[in-house]
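A.B. asks: return a 3D structure for these sequence lines:
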Amino acid sequence: MESIVLRDEEKAFFALRKSLESYSPISDDTWKVFMEISKFRSLTKHTILYSAGKVPSSFAYVYQGLVRCFVCDEKGNEYNKNFFDEGRFPGSMTALLTYRPTAFAFETIEDTLIIEIDFLAYRKLMIEKEDLKLFQIYYLEKNWLLAKDARETEIVQDDATARYLRFIDEKPRLAERLAQYHIASHLGITATQLSRIRKKL
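C.D. replies: Just a heads-up that it's a prediction; the model follows:
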């Protein structure tokens, strides 16, 4: 069993470096330190990775599995802001940067293997290493600035049916893995509304 876990850990770190280098090359020297500030974790389904109302100290990389980012309103209704599947980095960046409690919770919705990255150590390493700075710039451009603009435009301009069609078109594999109520929550509609949309289609 121990050898299986070790193989998973080695594969996870290999995948993480590959993901980083899809944005910008990472030197062996930078990678060696990066590994030292990161740890491999195996999480069961429905594990809270980061709790709402607490100040986080890390962010993560998903090697296998699925994590949702959600917020609850005063009535206890949940809204799924985002989903993080393989190759993505769940974490509350605003809370990490401001050292304030996060409004969002992050929960695994499948058994999940992650690499958890110490944020302060990462920031220190990023300041020291130009290659990591480039990764950060390119990653933020693609996944925060461009994606955020597209999401905001979609919410304002598209009706519920158009939002659903866009979601399954852009993320077909993710749509297959998610329960319908999770998708409905992400689209800002009820599960009943989504059921009606799917019947019409």
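A.B. asks: okay, strands next: where are they in this structure?
C.D. replies: 38-43, 48-50, 58-64, 67-72, 78-84, 105-108, 112-118 (DSSP state E).
A.B. asks: what angle do the helix ranked longest in the chain and strand 38-43 make?
C.D. replies: As assigned by DSSP state H, the longest helix anywhere in the chain is helix 2-21. Angular relation of helix 2-21 and strand 38-43 on a 0 to 180 degree scale: 120 degrees, by axes from the mean of the first three to the mean of the last three C-alpha atoms, to 10 degrees.
A.B. asks: other SSEs contacting helix 2-21?
C.D. replies: Secondary-structure packing of helix 2-21 (3 or more C-beta pairs under 8 Å, 6 or more residues apart in numbering; DSSP states H and E): helix 28-36, strand 38-43, strand 58-64, strand 112-118. C-beta here means a position set from N, CA and C on the backbone, and glycine is covered the same way.
A.B. asks: and of the ones you listed, who's closest to Leu134?
C.D. replies: Closest approach to Leu134 among the helices and strands packed on helix 2-21 is made by helix 28-36 (10.6 Å; C-beta to C-beta).
A.B. asks: what does the average pLDDT come to for that closest one?
C.D. replies: Helix 28-36 shows a mean pLDDT of 97.
A.B. asks: so how far is it from its chain's centroid?
C.D. replies: Centre-to-centre, helix 28-36 and its host chain are 22 Å apart (C-alpha atoms, centre = their mean, to the nearest Å).
A.B. asks: quick one: contacts of it?
C.D. replies: For helix 28-36, contacts defined as C-beta atoms under 8 Å, 6 or more residues apart in numbering pick out 13, 17, 20, 26, 117, 122, 125, 129, 131-132.
A.B. asks: let's see 6 Å
C.D. replies: By C-beta atoms under 6 Å, 6 or more residues apart in numbering, the surrounding residues in contact with helix 28-36 are 17, 125, 129, 131-132.
A.B. asks: likewise for stretch 81-90?
C.D. replies: With C-beta under 6 Å, 6+ apart, stretch 81-90 has contacts from 19, 59-62, 66-69, 106, 174.
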